[in-house]
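> here is a sequence together with a model predicted from it:
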Amino acid sequence: MKKSSGVKIVIIGIILAVLVVGYFYYVVNKGNDTQEEIVESTRVQAVLIKDLDKNYPPSPKEVIKYFNEVSQCFYNESYTEEELYSLAEKIQGIYDDELIANKTQEQYLEDLKSDIADMKSLDRSLSSYQLSASTDVEEFVENGDSCARLYCTYNIRQGTQMFSSRVVFILRKDENKHWKILGWDLDE
């Protein structure tokens, strides 16, 4: 009789230990889920967080990658009016001063909004992009300025259809040795 009551105590002890460990595991994991929700941000917020003053893209290819990240936000994501203005400001941070000087800020924003509206009305989005390999970036000197040329192929989705467009980008180093986008055009 004493032996069976000892076995019962051991079994009850094991069950209690499993319950305590299970409850501890539940509490620990529940706390982690809350932290992950707090850290999660939208793609737009992730792009806006980048501090170009402290962490400017180091190469022409990285500048165009950032350009494409912002562009995908413009055409694929949801954002507030304030975020749109912040995205426009961010992308102008990688533009050459000569490119920025072509339009007033108001005209730039108006054209940008119109372009975004056109893409959305046609049910178009930037599905993906493919940059030139780093070895395919052509660096050259023009009028005493260091310049670079590289290509990017965009895959654009319109409804259920896909089509591609190839764009050539020209970049120029500024006085801070940062590569800035001087312009781009369709590569025919």
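Sure, I can see it.
> quick one, strands of this structure?
124-131, 138-142, 145-158, 161-173, 179-186 (DSSP state E).
> listing partners with orientation, what would you give for the shortest one?
Using DSSP bridges, the strands paired with strand 138-142 are strand 145-158 (antiparallel).
> using CSV, list the CA coordinates for the partner strand.
Extracted in CSV, the C-alpha atoms of strand 145-158 (Å, rounded to 0.1, in the frame of the first residue of the first chain):
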residue,chain,number,x,y,z
ASP,A,145,33.3,64.4,-63.7
SER,A,146,33.4,60.7,-62.7
CYS,A,147,30.3,59.1,-64.2
ALA,A,148,28.9,55.6,-64.4
ARG,A,149,26.4,53.9,-66.7
LEU,A,150,24.4,50.8,-65.7
TYR,A,151,21.3,49.0,-66.9
CYS,A,152,18.3,47.8,-65.0
THR,A,153,15.5,45.5,-66.4
TYR,A,154,12.1,46.0,-64.8
ASN,A,155,9.4,43.4,-64.8
ILE,A,156,6.1,45.1,-64.8
ARG,A,157,2.8,43.4,-64.0
GLN,A,158,-0.4,44.7,-65.6
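> buried stuff in it?
Residues 147-152, 154, 156 are the ones in strand 145-158 that count as buried (16 or more other CB atoms under 10 Å). For every residue, glycine as well, the C-beta is placed using N, CA and C.
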